[in-house]
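Asker: Kindly generate the corresponding structure for this input.
(chains A and B)
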Amino acid sequence: MPVFAPLMKVSCCRSYGATVIQHGHNIQEAKEYGFKYARDHGMTYINGFDHPDVVAGQGTVGLEILEEVRNIDAIIVPVGGGGLVAGIAVAVKTLKPEVQVIGVEAESCPSFANAMYNKHLPLEPESSLADGLAVPTVGINAVHIAHGKIDELVSVCEESIALSILRLLEMEKAVVEGAGAVGLAAFISGKLPHLKGKRVVIILTGGNIDSTVLGRTIDRGLAVDGRLIKFDVVVSDRPGGIAELTTAIAKSGASIKDIFHERAWLAANVFSVRVRIVAETRDHDHADQFFKTLAEKYAQLSYPDYKPRFNLD
Amino acid sequence: MEYILSATGIELAASRIATAIHKTPIFTSDTLNDYVASLTNTGKGPKLYFKCENLQKTGSFKCRGASNAVAKLLSGPEKDQIKGFVTHSSGNHGQALAFAAKKFQTQCIVVVPSNAPKAKVKAIEGYEAKIVIVEPTMEARKGKCNELAEKEGLQIVDPHDDWNVMEGQGTLSLEIIEQVPDVEAVLVSVGGGGLIGGICQWFHERKPKVQIIGVEPEGKNILESITAGKRLWKTGAALDTIADGVRVRPLGEKCFEVMKHLSHKKIYSVNNEDIRFAWKLIWERLKLVVEPSSAMPLAAIFKYPEDFKDMKSIVLILCGGNVDFVDPSLV
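Answerer: Residues are numbered from 1 along each chain as shown, chains lettered A, B, ... in the order given. Okay, the predicted model is just below:
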């Protein structure tokens, strides 16, 4: 496994009795090491997404979907190395070719689009929340098998993945890892408008997300959703300064979750203090209104840009 | 006090609310079964069946009781006097009542404390109930609720101390026996006692051999009161537990009457550490979002594995999944 593999995935492998070797910065480097290791030790290398038997196994998801859900218009499939989408494409296009098969990649690693459509989009696999899809070199067999059977291939940004994970936690009560959440992320970020009103199956491919990552991802999702805001404001350090600030915040309907004082690094006068606050707001409109009101009272107010690139309506 | 809870009533309730609620799935986990087995001195353990009420409509079992209460009252003798329903709640009951009112097409007002998580308030609004915000004190909540009930002709539905509500919660029993026919014990988190009350009643009448086992947060001391035959709780102060769904200290009066039928008189107490450990495992192994109160049954089994090792099939109720993700004290 690559050096940055999620801790949960490493320890779960070990709990099934496997010997885990961590090597390389991405799956490609880990794979090359694995090939060599297999050859040196007389073991059989099983590729996780390109061995035809593996692709066939993944394709069984397609069979179950067609059995369980009627009148499907489209099936949305996360794409990493391509094994799952290839298997599902074969199952679905053989049994019900009218059902659309749509692949979703992470914007930071569009390796399948590059391979399939001969593009040259840049790859940054280490930086994605969808670590399960971070495959710089996709499967040759997968591309070949899926050729002509995928109706559409889209990609999603990190913000939409974070928000998708949060929505699945809150609405579906499901713990889904980044790679598994890209399908919903495609809808959240408006990548599939033509499917409005249709019957769509989204595959939630995995739930192995580290608890530490989960915490940060939830915060990220809340920020994208306009429900958690973080800002710095300089107020008077004299008695009443903070009280005035917190009253103004409460009046605006925001709830303070965390408050932190900072004095040493303030360039302004000695009787001021910079306060960093994390607060809960209802939504983006509320956050907008909140900052507008606060800016009228405080000259030194700063906050990061909290609007996502896509339209949330 | 007239005792009007019965297995027949619960069975009628099941038909009454069938179109309103989900029949929730049962999840199992080999890893969790193996882990419990590893804690026993025989290396053998029970098969655990998790009843997923976190996947229920409104995210908790509460909609069963609320739906039954609303549907029953709207078709009962006083139906013309009832203009709608009202309650005070920042939690699952408020959402459940709002849902039930919308489903059975009537009005609902929920009195909400000003410090309620915004996501919960939004959920209640999503069911088109009217929200009235008050100071976060019990007097303000109850006072406003009573005021609105009188002024607007609304029916108050208590979150647990209500026969119709208990009847609705009891409908879980029918699903449990259908999905796990060889069940030997059902473990239930206990707050006000509405859920365990309904389940106790049905199993006591229909399948008395099945043990209904309660799990309480430390400090509640249910057994003390049951043994004494009366409710010994002196204060209404909330219990100090991360299981926010079961912070209410005393069992309801009616709930207490039912719990005297608790045939095997078994209640387990768990603390925050026990709950956190089990809670984390449910998220990690079952991939389910559950509230900390849902983790209490599993926490009890982890804490006292010897008591459960000879059982074959145990059902644990995951009572709800409405977690406030904004609160940093949680994750």
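
Asker: Surely B:Val323 forms part of a strand?
Answerer: No - counting by DSSP: H, G, I helix; E, B strand; the rest coil, one finds B:Val323 to be coil, located in no strand.

Asker: Number of residues surrounding the closest residue to chain A within the stretch 101-250 of chain B?
Answerer: Nearest to chain A, among the residues of the stretch 101-250 of chain B, is B:Lys118, at 5.4 Å (Cβ to the nearest Cβ). All C-beta spots, glycine's among them, are computed from the backbone N, C-alpha and C. Applying other Cβ atoms under 10 Å in any protein chain shown, we find 18 residues neighbouring B:Lys118.

Asker: if I look at it, how far off is A:Leu222?
Answerer: Separation of B:Lys118 from A:Leu222 (Cβ to Cβ, to the nearest Å): 11 Å.

Asker: picking that back up, identify the residues contacting the residue of the stretch 101-250 of chain B closest to chain A.
Answerer: A:227, A:255, A:280-282, B:326 (Cβ atoms under 8 Å, 6 or more residues apart in numbering or on different chains).

Asker: Which positions within the helix or strand bottoming out on mean pLDDT in chain B qualify as buried?
Answerer: Every helix and strand of chain B was ranked by mean pLDDT, DSSP states H and E. The lowest is helix B:118-126, at a mean of 89. Using 16 or more other Cβ atoms under 10 Å in any protein chain shown as the test for burial, helix B:118-126 gives B:118-121, B:123-124.

Asker: before we move on, what about stretch A:254-265?
Answerer: A:254-255, A:257.

Asker: cool, stretch A:241-254 as well?
Answerer: So stretch A:241-254, judged by 16+ other Cβ under 10 Å, has buried residues A:241-242, A:245, A:248-249, A:252-254.

Asker: residue boundaries of the helices in the stretch 101-250 of chain B?
Answerer: Assigned by DSSP state H, counting those that start in this stretch, the stretch 101-250 of chain B shows helices spanning B:118-126, B:138-152, B:163-170, B:172-179, B:194-206, B:222-228.

Asker: could you say what helices and strands the third one packs with?
Answerer: Packed against helix B:163-170, as judged by 3 or more Cβ pairs under 8 Å, 6 or more residues apart in numbering or on different chains; DSSP states H and E, are the following elements: helix B:7-17, helix B:62-74, helix B:194-206, helix B:253-259.

Asker: Now do the contacts for the residue nearest the centre of chain B.
Answerer: With distances taken as Cα atoms, centre = their mean, the residue of chain B nearest its centroid is B:Leu195 (4.5 Å). For B:Leu195, the contact set (Cβ under 8 Å, 6+ apart) comprises B:61, B:160, B:169, B:172, B:188-189, B:317, B:319.

Asker: Swap in 7 Å and give it another go.
Answerer: Counting by Cβ atoms under 7 Å, 6 or more residues apart in numbering or on different chains, B:Leu195 makes contact with B:61, B:169, B:188, B:319.

Asker: burial count for the second one?
Answerer: Look at B:Gln169: counted by other Cβ under 10 Å, it has 32 neighbours.

Asker: Can you tell me how far the residue lying closest to it once chain neighbours are set aside is from B:Lys266?
Answerer: In space, B:Gln169 comes closest to B:Gly198 once its chain neighbours are excluded; the distance is 3.7 Å by Cβ to Cβ, 6 or more residues apart in numbering or on different chains. Going from B:Gly198 to B:Lys266 by Cβ to Cβ gives 18 Å.

Asker: So in chain A, which helix runs the longest?
Answerer: Of all segments of type helix in chain A, defined using DSSP state H, the longest is helix A:52-68.

Asker: after it comes which helix or strand?
Answerer: Next helix or strand after helix A:52-68 toward the C-terminus (DSSP states H and E): strand A:74-78.

Asker: Check which residues of the next helix or strand after that next one are buried.
Answerer: The helix or strand immediately downstream of strand A:74-78 is helix A:83-95, counting by DSSP H and E. Using 16+ other Cβ under 10 Å as the test for burial, helix A:83-95 gives A:83-93.

Asker: measure whichever residue of the stretch 51-200 of chain B sits closest to chain A to B:Glu167 for me?
Answerer: Distances between the stretch 51-200 of chain B and chain A by Cβ to the nearest Cβ are smallest at B:Asn54, namely 4.8 Å. The spacing between B:Asn54 and B:Glu167, counted by Cβ to Cβ, is 22 Å.

Asker: Please apply the same query to B:Arg16.
Answerer: In terms of Cβ to Cβ, B:Arg16 sits 9 Å off from B:Glu167.

Asker: which residues do the two both contact?
Answerer: In contact with both B:Arg16 and B:Glu167: B:Asn68, using Cβ under 7 Å, 6+ apart.

Asker: Could you pull up the contacting residues of the closest residue to A:Gly87 other than its chain neighbours?
Answerer: Leaving out its chain neighbours, the residue that sits closest to A:Gly87 by Cβ to Cβ, 6+ apart is A:Gly59, at 2.8 Å. By Cβ under 7 Å, 6+ apart, the contact set of A:Gly59 is A:87-88, A:90-91.

Asker: Take those residues and lay them out in a markdown table including pLDDT.
Answerer: Listed next are the contacts of A:Gly59 as a markdown table, based on pLDDT from 0 to 100:
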| residue | pLDDT |
| --- | --- |
| A:Gly87 | 97 |
| A:Ile88 | 98 |
| A:Val90 | 97 |
| A:Ala91 | 98 |
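
Asker: Let me see the contact set for A:Gly24.
Answerer: A:Gly24 makes contacts with A:2-3, A:30, A:33, as judged by Cβ under 7 Å, 6+ apart.

Asker: Strands - which of those land there?
Answerer: With strands taken from DSSP state E, there is no overlap with the contacts of A:Gly24.

Asker: Out of the residues you listed, give me the two with the largest separation.
Answerer: Using Cβ to Cβ, the pair of those lying farthest apart is A:Val3 and A:Tyr33, separated by 11.0 Å.

Asker: In terms of packing, which of those two has more residues around it?
Answerer: Comparing A:Val3 with A:Tyr33 by other Cβ under 10 Å, the one with more neighbours is A:Tyr33, at 15 against 12.

Asker: excluding its backbone neighbours, what's nearest that one?
Answerer: Closest residue in space to A:Tyr33, ignoring its immediate chain neighbours: A:His23 at 4.5 Å, by Cβ to Cβ, 6+ apart.

Asker: Return the distance of A:Asn311 relative to chain B.
Answerer: Using Cβ to the nearest Cβ, to the nearest Å, A:Asn311 is found at 20 Å from chain B.

Asker: circling back: pick the one among the contacts of B:Leu195 closest to B:Gly94.
Answerer: Nearest to B:Gly94 among those, with distances taken as Cβ to Cβ, is B:Phe61, at 14.4 Å.

Asker: what sits against the closest one?
Answerer: Applying Cβ under 7 Å, 6+ apart, the residues near B:Phe61 are B:53, B:169, B:172, B:195, B:319-320.

Asker: Can you pull the phi/psi pair for it?
Answerer: phi -70, psi -10 (degrees, to the nearest 10).

Asker: ok so, going back, output the contacts of B:Leu195 as JSON lines; include the columns pLDDT.
Answerer: Formatted as JSON lines, the contacts of B:Leu195 follow (pLDDT from 0 to 100):
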{"residue": "B:Phe61", "pLDDT": "98"}
{"residue": "B:Gln169", "pLDDT": "98"}
{"residue": "B:Val188", "pLDDT": "97"}
{"residue": "B:Cys319", "pLDDT": "97"}
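
Asker: which one of the residues you listed is nearest A:Thr19?
Answerer: When the contacts of B:Leu195 are compared for distance to A:Thr19 (Cβ to Cβ), B:Cys319 wins out at 40.7 Å.

Asker: show me the contacts for the closest one.
Answerer: Neighbours of B:Cys319 in contact, by Cβ under 7 Å, 6+ apart: B:53, B:60-61, B:189, B:195, B:245, B:293-294.

Asker: Rank those residues by pLDDT and give me only the lowest.
Answerer: pLDDT across these is lowest for B:Gly245, at 89.

Asker: Touching, that residue and B:Val190? I think so.
Answerer: No - with contact defined as Cβ atoms under 7 Å, B:Gly245 does not count as touching B:Val190 (10.5 Å).
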